[in-house]
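*Asks:* okay, here's the prediction I keep looking at, along with the sequence it came from:
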Amino acid sequence: MPTEAKQAAVAELAELLRDTEVSIVSDHRGLSVADLLKVRRELHEKGIAYRVIKNRLARIAAEQAERPELIPLLTGPSALSYGADDESSLAKGLIDATKPYKVEVRGAAVRGETLGPASVVALAALPGRDALLAMLAGAMASPLSTMAGLLAAPMRDLGYGLAQLREQREAAQSAA
């Protein structure tokens with residue numbers, strides 16, 4: 001790397017790769033500058049960054065950041081997506097934003113593993129982390145609330161029965 005600018009770019013990219021656990025690599029061919037701006041703007045609204053990268057510099061940065069799972073994805077014109085709350089929202093956001101432009105997703109580097117394009121599409125189909133946690137909490141709370149209802153039923157029924165008995169006795173006293 002002869003220039004200081006390239007060294008600074010590699011250092012910046014290496015720091016970025018250290019800070020992110022999930023990144024998706026896609027091919028940006030077919031995107032005009034205006035299209036690229038639209039995609040970036042749409043992704044930025046979702047908290048996702050979309051960055052065109054040079055493969056040679058990205059490979060060096062991946063080695064420095066100890067992210068070797070990213071290296072096989074860096075072939076041809078590459079763009080790197082990163083920054084969402086979870087893997088699912090990152091994949092869904094990227095696929096939704098680039099769908100009109102038919103951008104090819106090459107794969108993802110997720111916590112030390114390399115995922116192929118089909119896995120990224122499947123990941124995008126999953127609900128987000130918050131939705132999955134809510135589903136889990138609901139599944140755990142459902143049997144508990146059912147049991148609480150079953151245990152409370154005899155006391156509730158006794159209360160209803162006593163209330164009806166009181167009403168009958170009051171009706172009998174007012175009739176007499």
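*Replies:* That came in fine, so what should we check first?
*Asks:* going forward, measure contacts between C-alpha atoms and count neighbours the same way
*Replies:* Noted.
*Asks:* how near is Arg29 to Glu66?
*Replies:* Distance, Arg29 to Glu66, by CA to CA, to the nearest Å: 28 Å.
*Asks:* what do you get for Asp157?
*Replies:* Going from Asp157 to Glu66 by CA to CA gives 65 Å.
*Asks:* neighbour count for those two, which is higher?
*Replies:* Each of Asp157 and Glu66 has its neighbours counted (other CA atoms under 10 Å); Glu66 has more, 14 against 11.
*Asks:* with adjacent residues omitted, what lies nearest to the more buried one?
*Replies:* Distances taken as CA to CA, 6 or more residues apart in numbering place Arg18 nearest to Glu66, at 7.7 Å, with adjacent residues excluded.
*Asks:* got a list of what the one you found touches?
*Replies:* Ala65, Glu66, Arg67 (CA atoms under 8 Å, 6 or more residues apart in numbering).
*Asks:* ramachandran angles for the last one?
*Replies:* Recorded main-chain torsions at Arg67 are phi -120, psi 60, according to degrees, to the nearest 10.
*Asks:* that one against Gly112, yeah?
*Replies:* Yes - contact criterion CA atoms under 8 Å: Arg67 and Gly112 qualify, at 6.8 Å.
*Asks:* returning to what we had before: list the buried ones in the helix or strand the residue nearest to Glu66 falls within?
*Replies:* Assigned by DSSP states H and E, Arg18 belongs to helix 4-19. Neighbour counts over helix 4-19 (16 or more other CA atoms under 10 Å) mark Ala9, Val10, Ala11, Leu13, Ala14, Leu16, Leu17 as buried.
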